[in-house]
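> starting from these lines, generate the structure:
(chains A and B, ligands or ions: 2)
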Amino acid sequence: MTQGRTMLEITALEKRFDQTAVLRAIDLKVREAELVFVIGPSGSGKSTMLRCCNRLEEPTSGAIMIDGQRITDIPRRDLDRMRLKVGMVFQGFHLYPHMSVLKNVVLAQTKALKRPKAEAEARALEMLDQVGLKHKAEAMPNELSGGQQQRVAIARALALDPKVMLFDEPTSALDPELVGSVLKVMKDLRAKGMTMLVVSHEMAFAREAADRVVFMDGGYIVEQGTPEEVFGNPKSDRLKSFLARVSNPNEDAA
Amino acid sequence: MGFLDTFFNMQVIANYLPDLIDAVWVTLGLAVATIISGVLGGALMSCLRVAGVRWVNFFIIVFADVMRALPPLVLILILFFGMPSLGINLSGWMVIYIVLTAVLIAFSEEVFWGGLTAVTAGQWEAGRATGLSKAQTLFYIAFPQAARMVIPPLINRVLATTKLTALGSVIGVKEILSVSSSAQSFSGSATPLTMAAIAYLVIFIPAVIVSHRIERHYHYAT
Ligand SMILES: Nc1ncnc2c1ncn2[C@@H]1O[C@H](COP(=O)(O)OP(=O)(O)OP(=O)(O)O)[C@@H](O)[C@H]1O
Ligand SMILES: [Mg+2]
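Numbers count the residues shown, from 1 in each chain, chains lettered A, B, ... in the order given. Ligands and ions are numbered 1, 2, ... in the order given. Okay, the predicted model is just below:
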């Protein structure tokens, strides 16, 4: 396991929507260059936890540190600068349909990071190359497959030089034959030393690429450990039944 | 009196053509001025509404509802005949311009707002998650998508509103309809009205064609 410094640290995080507690006392540490995988049944709070990490969702209480900065203390008007450090990839890609692939990757670089245009374009092409889509720079998003769109979305986030990447079910909306290309990009990213927090149901990918697996249920982190520990030797009954459910019904092959 | 003599009397055409050409320019000027300020105003107002300040939105909604509910002619008569007693004298041209602009702002604000609410939350989140401010996300991501979505209803509304420039005839603005109807009563011939119809077609058919072009240009599947 990596021994780097702590890049993302969640302490006693709670989130309530009205009176319903969705996250209760979440503690989680992600070290630099670590890939931490989050699994858990629907509604267990995985997305909410991720969205608290860039304050797309406001935590009810608790603290989150990213790269040494306590992001839960940042006043609202300064959130934009913090978000540059936290890349996020969504299940639904959310590319801007009215802009070319290149413009999608350039926009936040020039408008939020204030990079000069030429530099931003060069950086965008470099990132598109990294995800294998440099040749699609002038295409419109609707001309791309889902897998290609997701890779552009990853390039869009990477172009801002984030310290941490958050992935919320990045392959769940993809046809099975397109999943591999996105997972490959994520594996490359891990090899490059990116710190990643990944919510996904791709168990085979977790076994192969995750440093640690975190199991959430009912707003708690119920169990965590190496992939071998979590998949090979689950301790809690909830994890056992969850693993049985995801591996049995329609073979979750990656 | 034959058909041609009634509707296409050459002598009458020759007599009134110069006046009518002047009137075409008046109508065109009014239409263009109204379109620019009405659409821009509506776009701005819909963006202002995104900010979500309660009393501002209340004002916008009331304004849009009132302007869409009242017949424009009522507003025109109120401004034209009512304002002078407050010491404000507006020319007929100004009255038409103000009223039609207000009406177009109201309608286009609603049209743009409809488009803005159809932009998915995911688009907003993608923008905000990459460090763009709310205003930047609106300006670069949400509004351009909304504008493309609403081009067809917006163009319909623009054409409908600019045709209302004919209401200028009620308060003596020398636009196409008023010039041709007074020519009709002087000459006793229906020909000036035919000329008016042709003039409107000359203005609006190209506008309709251009609008189809715009629609096609901005059409993209999501
Ligand atoms: N904006 C919201 N308002 C109210 N309740 C919400 C909101 N967002 C999420 N929730 C609730 O919080 C709980 C956790 O949701 P969350 O999306 O984090 O779960 P998840 O683990 O990501 O599930 P899934 O696997 O289905 O994506 C759910 O019960 C959900 O209904
Ligand atoms: Mg989720």
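
> the stretch 51-200 of chain A: strands as residue ranges?
A:61-66, A:69-70, A:86-89, A:164-168, A:195-199 (DSSP state E, counting those that start in this stretch).

> kindly reformat the ones you listed as CSV containing mean pLDDT.
Below are these laid out as CSV (pLDDT from 0 to 100):
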stretch, mean pLDDT
strand A:61-66, 95
strand A:69-70, 94
strand A:86-89, 96
strand A:164-168, 97
strand A:195-199, 97
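
> and the most far-flung residue of chain A relative to its centre, how close does it get to residue A:106?
The outermost residue of chain A relative to its centre, with distances by C-alpha atoms, centre = their mean, is residue A:118 at 28.3 Å. Noted for residue A:118: a distance of 10 Å to residue A:106, by C-beta to C-beta, to the nearest Å. Placement of C-beta: from N, CA and C, glycine included.

> overlap in contacts of these two?
With contacts defined as C-beta atoms under 8 Å, 6 or more residues apart in numbering or on different chains, no residue is shared by residue A:118 and residue A:106.

> which neighbouring elements make contact with the worst-scoring helix or strand of chain B on mean pLDDT?
Ranked by mean pLDDT, DSSP states H and E, the helix or strand of chain B with the weakest confidence is helix B:3-7, at a mean of 83. Applying 3 or more C-beta pairs under 8 Å, 6 or more residues apart in numbering or on different chains; DSSP states H and E, we find helix B:3-7 packed against helix B:191-217.

> average pLDDT across the helix it packs on?
For helix B:191-217, mean pLDDT is 88.

> still on that earlier bit, what's next to the least confident helix or strand of chain B, contact-wise?
B:189-191, B:194.

> where does the chain dip in pLDDT?
I'll assume chain A. A:1-3, A:248-254 (pLDDT under 70).

> I was thinking of chain B, sorry if that wasn't clear
Looking at chain B by pLDDT under 70, you get B:1, B:219-222.

> how about the residues of it by ligand 1?
By the rule C-beta under 6 Å from any ligand atom, no part of chain B lies against ligand 1.

> got it, and chain A?
Counting by C-beta under 6 Å from any ligand atom, chain A sits next to ligand 1 at A:17, A:22, A:40, A:42-48.

> put the buried members of those residues into a PyMOL selection.
Selection of buried members from these for PyMOL, criterion 16 or more other C-beta atoms under 10 Å in any protein chain shown:
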select buried, chain A and resi 22+40+44+45+46+47+48
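
> which of the residues of chain A next to ligand 1 sit farthest apart?
Farthest apart among the residues of chain A next to ligand 1 by C-beta to C-beta are A:17 and A:40. That separation is 17.5 Å.

> nearest to ligand 1, of the contacts of helix B:3-7?
Of all the contacts of helix B:3-7, ligand 1 sits closest to residue B:194, with 62.5 Å by C-beta to the nearest ligand atom.

> that closest one contacts residue B:8, correct?
Yes - applying C-beta atoms under 8 Å as the test, residue B:194 and residue B:8 come out as touching, 6.4 Å apart.

> for stretch A:17-26, which positions count as buried?
Those would be A:22-24, A:26, for stretch A:17-26 by 16+ other C-beta under 10 Å.

> also stretch A:167-174?
Buried residues in stretch A:167-174 (16+ other C-beta under 10 Å): A:167-171, A:174.

> could you check how many residues crowd around the residue found closest to residue B:132 once you drop the neighbours it is linked to in the chain?
Using C-beta to C-beta, 6 or more residues apart in numbering or on different chains and skipping the chain neighbours, the partner closest in space to residue B:132 is residue A:112 (5.1 Å). Applying other C-beta atoms under 10 Å in any protein chain shown, we find 21 residues neighbouring residue A:112.

> and for residue B:189?
Neighbours around residue B:189, by other C-beta under 10 Å: 22.

> quick one, what contacts it?
Listed by C-beta under 8 Å, 6+ apart, the contact set of residue B:189 reads B:6, B:9, B:12.

> now, among those residues, which is nearest to chain A?
When those are ranked by distance to chain A (C-beta to the nearest C-beta), residue B:12 comes first, at 51.9 Å.

> surely the closest one touches residue B:187?
Yes - counting by C-beta under 8 Å, residue B:12 touches residue B:187, with 5.1 Å between them.

> and those two? which has more neighbours close in?
residue B:12 (22 against 15).

> how close does that one sit to residue B:192?
As judged by C-beta to C-beta, residue B:12 and residue B:192 stand 7 Å apart.

> with residue B:30 instead?
Noted for residue B:30: a distance of 19 Å to residue B:192, by C-beta to C-beta.
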